[in-house]
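1. return atomic coordinates for the entry below.
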Amino acid sequence: MEGSKNLLKKSFARLDAYVLLFCILVVCAVATYVVPTGEFDRVKNGSVTVVVPGSYHAVEPNPTGFIDFFTAIQTGMVKGAPIIFLVLFTGGALSVLDKTGALNAAILTLVRKLGNKEWLLIILVTAVFSVLGTLGVIVNSVIAFVPLGIMIARAMKMDAIFGVALIYIGVYSGFNTSIAFPGTLGLSQQIAELPLFSGIGYRTIIYLSFVLVTILYIIRYARKLRKDPSKGILGGTPFPSDSGSAAGDLDSSILFTLRHKLTLAFTGTVLIAFIACTILFKWDVNEMAGIFIFIAIGVGLINKMSGNDIAKTFLKGCQSLVYGALIVGMARSITVILEDGKFLDTIVYGLATLLESLSPMAGAVGMFLGSAALHFLISSGSGEAVMLMPLLAPLSDLMNITRQVAVEALMLGEGVVNCINPTSGVLMSILAISGISYGKWLKFMLPLTAIWTVLSIIFVMIGVAINWGPY
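-> Residues are numbered from 1 along each chain as shown. Presented below is the predicted three-dimensional model:
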């Protein structure tokens, strides 16, 4: 019996990401035959379409048919195209950059200079990416930077989980506690009729707390690996994928030449310009995908590569990330099934009805937990905001909870599960690129998610206790 349980655990840990998502897709399709269907009326609020509180009504069922099930996968691929091509073009650009040896040489030089002060590198990288995350500069496009984390992990003789955590968890420790992101926070406050980015003081405290525990968690894992690499979650296969470098450790004999410096200066300048343009001109995933084509060409020319060599290297890099790219569309197909099945509104209506009878303290925690649970079905932060916030804002008034607390409960709820959500195209793509199975990632991430959850509940309860406003 015990052997069967261990076998089941091992099977889950090794379950292919596409198989996992396909199973979830089947469950969602079956649910369209079981869950009652209904919808809220929706109206335009400026440029945003929101639900109308009190307008829920039953509608005709729309169960997923056999052909519908498989065409949903194709539709998901189409809707996920911007991120899919970002992943592919990231692979292409990094393949060209990797061929020059510039990034490897720079990382090895940095690691050699830091010596045993690896904690300093962890703090620096995590803190920088958390700032980019909390401002919404890098969110979905974090996929493009994960191979950099893998390269750093190789140079430090860590593992792929450490490399992914540095970049991905760094960004999302900030994004989950956003202090000034117009997308989810600004949208939620607009719907709740709150001043834009109001409550920034308390939110900054929440943000700093999340980043601090995240840094400490990554440092703890790094020390565990340093003490005994075989005790890492990935065991004897620290880098299941060849992502970020050729297989094996980086060549420690690489010298950091002037051409390498010019290559990285060009790449860094272009990326900084992109970050500036995301703030000034609202650039997003599409522009970043184009930027990586430009980087590949520029890097190739600086290193005197021929046009044919640049093209072949770029396409080889794209090819290496097809697995990680298409999984974005697979995850998106789940949303297609849920939306067409017309029962998401039923679940939201049930949640709002359940919260009505609770006390202010319990109600605020319920908003947080409900938002977290719903995020497994609605993996888009803005999508969840336009569906839930129009209901939570008037509900919070009736329950004597400030709207500021309701907004933060929504933000933290969807935030804490972002990094374990199998319907998140970003997460599943990152795991596919790095070769980490979902089961192994859960083993690493669940303790940190639990810490984030406890912190969130504490901060939400404090918000209720201090009557966190403005209203």
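
2. count the neighbours of residue 152 for me.
-> A count of neighbours around residue 152, defined by other CB atoms under 10 Å, yields 23. In this view, the C-beta of every residue, glycine as well, is placed from N, C-alpha and C.

3. that one contacts residue 108, doesn't it?
-> No. Under the criterion of CB atoms under 8 Å, residue 152 makes no contact with residue 108, lying 10.0 Å away.

4. please enumerate the shared neighbours of the two.
-> With contacts taken as CB atoms under 8 Å, 6 or more residues apart in numbering, residue 152 and residue 108 have no neighbour in common.

5. what's the first helix or strand after the host helix or strand of residue 108?
-> Using DSSP states H and E, the element containing residue 108 is helix 102-114. Later in the chain than helix 102-114, the nearest helix or strand by DSSP H and E is helix 118-134.

6. what's the spacing between that next one and its chain's center?
-> Centroid separation for helix 118-134 versus its chain: 16 Å, with CA atoms, centre = their mean, to the nearest Å.

7. and what of stretch 131-144?
-> Offset of stretch 131-144 from its chain centre (CA atoms, centre = their mean): 9 Å.

8. just the terminal-to-terminal distance for it.
-> Stretch 131-144 has an end-to-end distance of 17 Å (criterion: CA to CA, to the nearest Å).

9. pLDDT below threshold where in the stretch 351-471 of the chain?
-> Low-confidence segments of the stretch 351-471 of the chain (pLDDT under 70): 471.

10. same question for the chain.
-> Applying pLDDT under 70 to the chain flags the ranges 1-14, 47-48, 242-253, 471.

11. please enumerate the strands of it.
-> Secondary structure of the chain, counting by DSSP state E: strands at 38-39, 42-45, 48-51, 57-58.

12. contacting residues for residue 206?
-> Here residue 206 is in contact with 177, 408, 412, 455, 459 (CB under 8 Å, 6+ apart).

13. closest one of those residues to residue 27?
-> Closest approach between these and residue 27, by CB to CB: residue 412, at 26.6 Å.

14. name the nearest of the contacts of residue 206 relative to residue 306.
-> Nearest to residue 306 among the contacts of residue 206, with distances taken as CB to CB, is residue 177, at 47.3 Å.

15. how many residues are close by that closest one?
-> For residue 177, the neighbour count with other CB under 10 Å is 29.

16. also residue 142?
-> 24.

17. quick one: buried residues of stretch 312-327?
-> Residues 313, 314, 317, 318, 320, 321, 323, 324, 325, 326, 327 are the ones in stretch 312-327 that count as buried (16 or more other CB atoms under 10 Å).

18. output those residues in a markdown table; the columns should cover distance to residue 64.
-> Formatted as a markdown table, the buried residues of stretch 312-327 follow (distance: CB to CB, whole Å):
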| residue | distance to residue 64 |
| --- | --- |
| 313 | 42 |
| 314 | 38 |
| 317 | 36 |
| 318 | 32 |
| 320 | 34 |
| 321 | 30 |
| 323 | 26 |
| 324 | 27 |
| 325 | 25 |
| 326 | 21 |
| 327 | 21 |
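
19. now, those that are in helices?
-> In helices, defined here by DSSP state H, the members of the buried residues of stretch 312-327 are 313, 314, 317, 318, 320, 323, 324, 325, 326, 327.

20. between the strands of the chain, which one is closest to residue 254.
-> Per CB to CB, nearest to residue 254 of those: strand 48-51, 50.5 Å.

21. roughly how far is the closest one from the heart of the chain?
-> For strand 48-51, the distance to the chain centre is 24 Å (CA atoms, centre = their mean).

22. what comes into contact with it?
-> Outside strand 48-51, the residues that touch it by CB under 8 Å, 6+ apart are 40-43, 187, 190-191, 345, 348, 386-387, 389-391.
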